[in-house]
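Colleague: What follows is a predicted structure for the sequence shown.
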Amino acid sequence: MARLWVLVLLLGLALGQKSGGGVGGRPYSPSPPPMAPGPVPTYPMPVPTYPGPVVVYPGGGGGFGLVPVVVFLGLALVAFLMVRGLKGAGEGPGASAARLRLALLKGPGVQGALRRLAEGADTTTAKGLADLLDEAALLLLREEPGWRFASYEVEHGSEAEALARFDAWMLEERSKYRETFRHFEGKRQVDPSYGARPEPGGRYLLVSLILADRRPLPPRRPLTLEAAKEALLDLAGSSPFILLAFYLSWTPEKEEEALTEEELLLLYPNLEKL
């Protein structure tokens, strides 16, 4: 598999990389998962008052001296059950990383819309990244008639494992093109030296969405047009409370360019026809 990936990359370089753009990152201050255990509630301990000293005799009398003990044990039991319930609510089945690639016919204005979305995104907060994901999904849904190929991958594990897979997928996406625009975690980079390379027969745009999330995303399925749409909606179902990281990339980034079908399938051999 590693040799195949290297061969595909070399073939892509031989064909000449097109422009590409990307936007996203990890929140600077990740939001806690919903229902996270909070501080243990505390209640004031009732202090019994007596008109005078209470003397407990071995055979009886002075039974009121047991009241504070019973109250204390009752409160301790309630606190224990509450903490255990909150911990159970905060525990989930693990995190997920997912990557959806969509190859669509290049429509007028799509690349410009992606660039404007990337330029205006807040890539430093969970809310900003969740909003970016929603807007990207909306843009792609409007272009659904032009969808022609897709691939979808999902991996489950701990949060650290999901973020590691996110980083690896993001790096792989960036290797597929000449990076002419990038907005990552608040930092923008533009390559003004790149000259567009229009090619006869170019008609495709490849868009990738990579997400790390605190939820078990549905597993990979055989892709049809409807299944690709469901996968996109699954990703868009994230929220600032569970989003760990998000990255949107597309190639070509320059509006004068498009991928030929040969370039598309050589660079992305796992694509399935919709």
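Modeller: Thanks, I have the structure now.

Colleague: counting contacts, what elements does the helix or strand Arg188 falls within pack onto?
Modeller: Counting by DSSP states H and E, the element that carries Arg188 is strand 187-190. In terms of contacts (3 or more CB pairs under 8 Å, 6 or more residues apart in numbering; DSSP states H and E), strand 187-190 is packed against strand 178-184. For glycine as for every other residue, the C-beta is placed from the backbone atoms N, C-alpha and C.

Colleague: The strand it packs on - what's its average pLDDT?
Modeller: Averaged across strand 178-184, the pLDDT comes to 97.

Colleague: Ok, stretch 254-273 next?
Modeller: For stretch 254-273, mean pLDDT rounds to 96.

Colleague: how far is that stretch from where the chain is centred?
Modeller: 25 Å (CA atoms, centre = their mean, to the nearest Å).

Colleague: now swap in stretch 110-117 and tell me
Modeller: Centroid displacement of stretch 110-117 relative to its chain, using CA atoms, centre = their mean, is 21 Å.

Colleague: So for that stretch, what gets flagged as buried?
Modeller: Using 16 or more other CB atoms under 10 Å as the test for burial, stretch 110-117 gives Val110, Gln111, Ala113, Leu114, Arg115, Leu117.

Colleague: just the helices in the protein please.
Modeller: 2-15, 67-90, 110-120, 126-142, 159-174, 225-236, 261-267 (DSSP state H).

Colleague: which one of these has the lowest average pLDDT?
Modeller: helix 2-15 (a mean of 48).

Colleague: pLDDT wise, what is Gly237 at?
Modeller: Gly237 carries a pLDDT value of 95.

Colleague: number of nearby residues for it?
Modeller: 14 (other CB atoms under 10 Å).

Colleague: Could you pull up phi and psi at it?
Modeller: Main-chain dihedrals, Gly237, degrees, to the nearest 10: phi -80, psi 0.

Colleague: Partner strands of the strand holding Arg188 and their direction?
Modeller: strand 178-184 (antiparallel) (DSSP bridges).

Colleague: List of residues touching the partner strand?
Modeller: 17-25, 115, 118-119, 121, 123, 188-191, 194, 253-254 (CB atoms under 8 Å, 6 or more residues apart in numbering).
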